[in-house]
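Asker: Here is a sequence with its predicted model. Questions after.
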Amino acid sequence: MKKSNTPTIETDRFILRKFSDNDLQDMYEIYHDEEVNKYLPWFPFQSIEETKEYLYNNIYKEYEQEIAYRYAIEEKASHKVIGYIGVSGINKEKGSAELGYGLIKSRWGKGIATEAGKALLERLKQNGF
C-alpha cells in the first residue's frame, strides 16, 4: 500500500482536497445540520469554535499520519466546500477501509457523492487498496 495522505483529486465539478482554516464557515454549515449528521458518531456542532476544535483535534491530526484520505469537497464553480468524503478504519494488511461522506442538504440528489466517491475509490485502488 502506497503511503499517501489526502492527495488532491480533481473531477469534472469538484476538487477533493485537504481542509484548511479558510473552510470553517462552510464546515460549520455542514457539521451543524442535524439531518446531515443523523447517523454519524458525533453531535451536530453548535458553534464555529466547536467546528474549529474538531478541525484541529481530529482532521489536522489525520493529516500528520502516513496514510489518510480525509477530503473537503470543494465545488469548482463557487469555490465553496459543500461536503466531505474520506475513509476510516484503514487496515494496511488487508488494504481496506470504510468510506463515508456528508453533503450540505442543498446539494443532495445531484450525483455529488457518486462523482466524489468514484474518484476517491479510483485513487485508493491506485494506491493499493
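Answerer: Thanks, I have it.
Asker: so where do the helices sit in this protein?
Answerer: Using DSSP state H, the helices assigned to the chain run over residues 24-31, 48-54, 60-62, 112-126.
Asker: Including mean pLDDT, distance to residue 18 and mean neighbour count, could these go into TSV?
Answerer: Backbone N, C-alpha and C define where each C-beta goes, glycine included. Below are those laid out as TSV (pLDDT from 0 to 100; distance: least, C-beta to C-beta, whole Å; neighbours: other C-beta atoms under 10 Å):
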stretch	mean pLDDT	distance to residue 18	mean neighbour count
helix 24-31	96	12	20
helix 48-54	96	15	15
helix 60-62	97	9	15
helix 112-126	97	13	16
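Asker: nearest to residue 12, of the ones you listed?
Answerer: Using C-beta to C-beta as the measure, helix 112-126 is the one of the helices of the chain that comes nearest residue 12, at 7.1 Å.
Asker: Tell me which other helices or strands the closest one touches.
Answerer: Applying 3 or more C-beta pairs under 8 Å, 6 or more residues apart in numbering; DSSP states H and E, one finds that helix 112-126 makes contact with strand 9-10, strand 14-17, strand 70-75, strand 81-91, strand 96-103.
Asker: ok, and which of these has the densest surroundings?
Answerer: strand 70-75 (a mean of 24; mean count of other C-beta atoms under 10 Å).
Asker: Looking at that one now, give me its mean pLDDT.
Answerer: For strand 70-75, the mean pLDDT works out to 98.
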